[in-house]
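In: coordinates only, no sequence provided:
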């Protein structure tokens, strides 16, 4: 995944990354899509 953001939000990098991962996992779960590496989802949700 690649996302381009302005330097103005650089200090929020980690929060944005967590939100993106959580959103992707949520959408996958809602659509019953399998995640190729489910351990990544568990790791990021902790």
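Out: Nice, thanks for sending it over. Values in this document were obtained by computation on a predicted structure and should not be read as measured data. Residues are numbered from 1 along each chain as shown.
In: which secondary structure elements does the longest helix along the chain contact?
Out: In terms of residue count, the longest helix belonging to the chain (DSSP state H) is helix 13-30. On a contact count with 3 or more C-beta pairs under 8 Å, 6 or more residues apart in numbering; DSSP states H and E, helix 13-30 meets helix 38-45. Heads up, the C-betas are built off the backbone N, CA and C, glycines and all.
In: mind checking the pLDDT average for the helix it packs on?
Out: The pLDDT scores in helix 38-45 average 55.
In: figure out how far the longest helix of the chain is from the centre of its chain.
Out: 3 Å (C-alpha atoms, centre = their mean, to the nearest Å).
In: tell me how far the spatially most central residue of the chain lies from residue 32.
Out: Central residue of the chain (C-alpha atoms, centre = their mean): residue 21, 0.9 Å from the mean position. Residue 21 sits 19 Å away from residue 32, going by C-beta to C-beta, to the nearest Å.
In: with residue 16 instead?
Out: The value you get for residue 16 to residue 32, if C-beta to C-beta is used, is 26 Å.
In: between the two, which one's more packed in?
Out: Neighbours per residue (other C-beta atoms under 10 Å) separate residue 16 from residue 32, with residue 16 holding more: 13 against 6.
In: show me the contacts for that one.
Out: 3, 5, 9 (C-beta atoms under 8 Å, 6 or more residues apart in numbering).
In: any idea how far apart the tips of stretch 28-36 sit?
Out: 11 Å (C-alpha to C-alpha, to the nearest Å).
In: what residues sit buried inside it?
Out: Neighbour counts over stretch 28-36 (16 or more other C-beta atoms under 10 Å) mark no residue as buried.
In: how distant is that stretch from the center of its chain?
Out: Worked out by C-alpha atoms, centre = their mean, stretch 28-36 lies 13 Å from the chain centre.
In: again with stretch 24-38
Out: Distance, centroid of stretch 24-38 to centroid of chain: 11 Å (C-alpha atoms, centre = their mean).
In: state the distance from residue 16 to residue 7.
Out: 13 Å.
In: residue 27 now?
Out: 28 Å.
In: pick out whichever of those two has more residues nearby.
Out: Taking neighbours as other C-beta under 10 Å, residue 27 and residue 7 compare with residue 27 leading, 10 against 6.
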